[in-house]
Each structure stands twice: as structure tokens, then as C-alpha cells.
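# Need coordinates for the following:
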Amino acid sequence: MVQFFKVKKPAVPAQTPLDIRILELNGHGMGVARHQGKPLFVAGVLPGEEVRVTLNTQTSRYATATLQKVLKASPERVKPFCTRVADCGGCNLQQAPLAAQRALKQKAVFSLFARHGINELPEPEWLAGEGQGYRRVARLAIRRQGKGVALGFRQSQSHELVEIEHCGVLTPVLSGLIAPLRRLLNRLRAQRQLGHLELYEAAEGVALLLRHKGTLPAEDLDTLLAFAQERTLVLFLQDDTARRPLHVPFPLYYQIDNIRLSFTPGDFIQVNGPLNKRMVQQAIHWLAPEPGMPVLDLFCGIGNFCLPLAAAGHPVVGVEGVMEMVEQARGNAEDNQLTRARFYRADLAADFTGEPWAAEGFSRVLIDPGRAGAERVMPYLAELAPERLLYVSCNPATLARDSEVLCAAGYRLARLGLVDMFPHTAHCEAMALFELS
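Numbering: from 1, shown residues only. As a prediction, this is how the structure comes out:
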């Protein structure tokens, strides 16, 4: 479904500047101070700094403010690499060095586990990479502006759009496309029909997915096709009913060692390619299946984890809730001649223990759910009782919640990996290896 929004600009009364001291950063990377007996949250600051702010939101429980000036800077403060950091909420930790960012993320993850009574955690093992030029997937918002359109990112927790010319965390080839794409969109007649634009850097080039509503005029289709042909880009269009290719000059895939994982624009793939490869390697190492030992992969997607496991010689069963992804994974297994990988569709929120594939028995299980986690899956996993269970999480909050269920079922958290998938943001991914006591 294409998402559109209308910009609303509520009137904000003028505020008297306020000088405060930042006490700490919370798990979202926001500075925390105290004002009139309640927390005051400010972006773009570091602990110990004295800053001048203006209040903008006040409730009975907290207040927020906008940074105006740093009066006394932390010795750790570094200059942000992005000139739009104050406007775009995407990379809100640029003022902190990478080591300090990771310390903050680790503290936040530990706090999440503590809320669920899990206080004894193994020493985290970090996977981290480059701080810039790492992002191979991006979604750019499109907004009508005057007689044309603006292209950029939405502000954090806002419908406002921050127009950009380039982006330091995107791979250079994606960043270099932003300005030409803006010019392209401003040449289209059906600008009011445009939704947003998705960019993907694959092994052989770049793919674009333009989401729109209704039918685009033939003239616009010609303009889009000419742009894709001139720059040798894959181009897909998607309206409210279907996704269709307009130009596909090369196959779309990414590579892990010798395995090619084909995908279609709109499919989920990890945005940080180098770290994704290291996550897969670590998953195989931590699960450590014996030669020929079968592995179950729940929420398998297009085969990101299970196909490398199959290539390592293990029979793999991948299960996914979306049939389109199951078919994509099957095609990837066939293309890589991995005959020992089998894929099934199942509702993983329901009891799947009676399914024929579940009855085969697995001592090694990997799960990689979405942000909502796998709360409804946990009881059935506990019933399967694998010796080792690796939980790959894009949301440590739901990982911590689900870990409480596993610990109550007799598992112990043996290894904890933290993955700095999105440097300069407060987001952290995690890998947790559970072993049956």
C-alpha cells in the first residue's frame, strides 16, 4: 500500500531560552536533563554538556526541547559529518565517537534484559564496521512542494520532509543518485500520484522501486524508462495492487561467499552488506551443527541464513509466513544447487508443532523475526526443545521479552552478540545463543 501524508505545521509559541546540564543519554540517544521536576529530552547532546535550549513540548510527565547552542562541550564531542543532522532525525548520534555510541547501545540492551529479570549476561561480542557509506538500501520520501517535488528523508517522529542532496551513510553510488532522481521526478506530469522511492544496491548495480497510486501517464513511463536505460538501472513500479518491472538489464542479487541470493525490490534484505555476511558467519559458528546435522530456520526470508548453512553441508528446513518469500527462497536454493534446503509456508503465530517438518526433530534452530519479535512462537519452540537456539533480533526490546520465556523453559543465555548495523543511530541489533540446561 502506498503511503501518502500531508504536512501539518502546528503553531509553536516563542519560548525563552533555557540553560541546562545534560545528565545522560537514554536508550533512544536523546539527552536527558531535569526541568521543573520532570525529565527534559534534547537531541544532539552528550552527557555532562551544558547547553542552551528552547522548550517545544511539555506534558505532565516530561518535556522536550530543541538544542540552540552548546555552552560547554563534552571532551568526547566530535563534529557531525552531515550538515542536515539538526533537521534529519535519522543519524542522531553523530556528535559521539563510534566507541561511545556502542557503549550507549550496550547499556541500553543490558537495561532491557534487566527489566525482564535477566541480569547475568555474557560479555557481549560486537560486530561493527564502517561508520559511513554502509547502507545499501534506502527509502526516500517524496513531497509536493510549490510547482515541483522535494526528495529526502522524513524528520524523526514527524511528517516533515528534510530535502537532501546526498547522504553520508548511504553507499556512494546510492548517495550520488539523489540529485538526479529529484530532477527526474520534477520532470514527471503525475507528481501528485507519487508515493516514495526505494533504492537497492545489488551485486551488479542499482535497483529503484517507485511507489505510486493510479496509472502513470505514458509520457511519464517513457521518461522513467529513458532514465533507467541511460544509467543502466533496474526499475520497478508499484501501485496499490501490483509491483511490475519496467526495466531489468541485469539480475538482482547479493552474495555471501559463493551463494547468490536473488531478491526483488520490496523484499527485505539487510541494509548493511558487510555486517550481514559477518552475522551469517557468526550464526554458523555459534550454532556449530555437527556434520550432516539438520537445522531449522524460522522466519527464513529469502534464505539469508539457511542457504549458507545448507552450503556448509547441513540439511536445512526454512519456514516463512509469506508464500512469496518461500518461493523466492526455493528459487535461490535451486539456483545455487542446494538440494538439501527445503522451504515451507506456515503461520508461525499458531501451533506448528504438528507440522510434518516440525516432527522431524531439530537440535539446532535459528529464528530471525521482525521487530515484533517471536512472543507467540516461544511456547512452541520450547516444546521442540532444541539443544541450541540462535535468536537474531532487530529489536532488543522484544528479544529481552522473549528471552524471559526461554529462560523459564530451561534455557540459558550462553552468548550475546551486539551488531552495530546502523552506526550514528541508537539502533542496535543482537544475536543471542540459548543452550538447553
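# Determine how far the helix or strand that contains residue 144 lies from the middle of the whole chain.
Using DSSP states H and E, the element containing residue 144 is strand 137-145. Remark: strand 137-145 is offset 17 Å from the chain centroid, using C-alpha atoms, centre = their mean, to the nearest Å.
# same check, this time on stretch 269-278
With C-alpha atoms, centre = their mean, you get 10 Å for stretch 269-278.
# CA atoms of that stretch as PDB?
Provided in PDB are the C-alpha atoms of stretch 269-278 (Å, rounded to 0.1, in the frame of the first residue of the first chain):
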ATOM      1  CA  ILE A 269      17.300  -7.500   2.800                       C
ATOM      2  CA  GLN A 270      19.800  -6.400   5.400                       C
ATOM      3  CA  VAL A 271      20.900  -2.800   4.700                       C
ATOM      4  CA  ASN A 272      24.500  -3.300   5.800                       C
ATOM      5  CA  GLY A 273      26.000  -5.800   3.400                       C
ATOM      6  CA  PRO A 274      29.400  -6.400   5.100                       C
ATOM      7  CA  LEU A 275      27.900  -6.800   8.500                       C
ATOM      8  CA  ASN A 276      25.300  -9.200   7.100                       C
ATOM      9  CA  LYS A 277      28.000 -11.500   5.900                       C
ATOM     10  CA  ARG A 278      29.700 -11.500   9.300                       C
END
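# Give the buried residues for that stretch.
The neighbour-count criterion (16 or more other C-beta atoms under 10 Å) identifies 269, 270, 271, 272, 273, 275, 276, 277 as the buried residues of stretch 269-278. For every residue, glycine as well, the C-beta is placed using N, CA and C.
# Let me know the average pLDDT across that stretch.
Averaging pLDDT along stretch 269-278 gives 96.
# do stretch 71-83 as well
Per-residue scores along stretch 71-83 average to 95.
# Would you format the buried residues of stretch 269-278 as TSV with secondary structure and distance to residue 432 included?
Listed next are those as TSV, based on DSSP: H, G, I helix; E, B strand; the rest coil; distance: C-beta to C-beta, whole Å:
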residue	secondary structure	distance to residue 432
269	coil	22
270	coil	17
271	coil	21
272	strand	19
273	helix	23
275	helix	17
276	helix	18
277	helix	20
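# ok, which stretches of the stretch 201-350 of the chain are strands?
206-212, 234-238, 243-247, 253-256, 259-262, 295-298, 316-320, 341-345 (DSSP state E, counting those that start in this stretch).
# mind showing which ranges of the stretch 1-150 of the chain have poor pLDDT?
1-15 (pLDDT under 70).
# Touching, residue 212 and residue 240? I think so.
No. Between residue 212 and residue 240 there is no contact under C-beta atoms under 8 Å: 9.0 Å.
# more crowded one of the two?
Legend: neighbour count by other C-beta atoms under 10 Å for residue 212 and residue 240, higher for residue 212 (23 against 11).
# Return the distance of the spatially closest residue to the more buried one that is not a sequence neighbour relative to residue 215.
Leaving out its chain neighbours, the residue that sits closest to residue 212 by C-beta to C-beta, 6 or more residues apart in numbering is residue 193, at 4.8 Å. Shown here: residue 193 relative to residue 215, a distance of 8 Å by C-beta to C-beta, to the nearest Å.
# same check, this time on residue 153
To residue 215, residue 153 is 28 Å away according to C-beta to C-beta.
# Same question for residue 360.
From residue 360 over to residue 215 (counting by C-beta to C-beta), the distance is 48 Å.
# try residue 144
19 Å.
# okay, these two: which has more neighbours?
Between residue 144 and residue 215, residue 144 has the larger neighbour count (other C-beta under 10 Å), namely 14 against 11.
# wait, what's in contact with that one?
By C-beta atoms under 8 Å, 6 or more residues apart in numbering, the contact list for residue 144 reads 150, 191, 192.
# number of nearby residues for the last one?
To tie it back to what came earlier, the one meant is residue 192. When neighbours are counted by other C-beta under 10 Å, residue 192 registers 12.
# Who does the nearest residue to it once chain neighbours are set aside form a beta bridge with?
Leaving aside its chain neighbours, residue 192 sits nearest to residue 144 (6.4 Å; criterion: C-beta to C-beta, 6+ apart). Residue 144 has the following beta-bridge partners by DSSP bridges: residue 149.
# do residue 207 as well
Taking DSSP bridges as the rule, residue 207 bridges to residue 200, residue 234.
# and the closest residue to residue 411 other than its chain neighbours, which of the three is it?
Excluding its sequence neighbours, the residue lying closest to residue 411 (C-beta to C-beta, 6+ apart) is residue 434, at 4.1 Å. At residue 434, secondary structure determined by DSSP: H, G, I helix; E, B strand; the rest coil is strand.
# Now do the same contact list for residue 434.
388, 389, 390, 391, 403, 406, 411, 412, 413, 414.
# Same check on residue 137?
198, 199, 200, 201, 269, 271.
# Looking at these, which is nearest residue 37?
Proximity of the contacts of residue 137 to residue 37 was ranked by C-beta to C-beta; the top entry is residue 271 with 40.8 Å.
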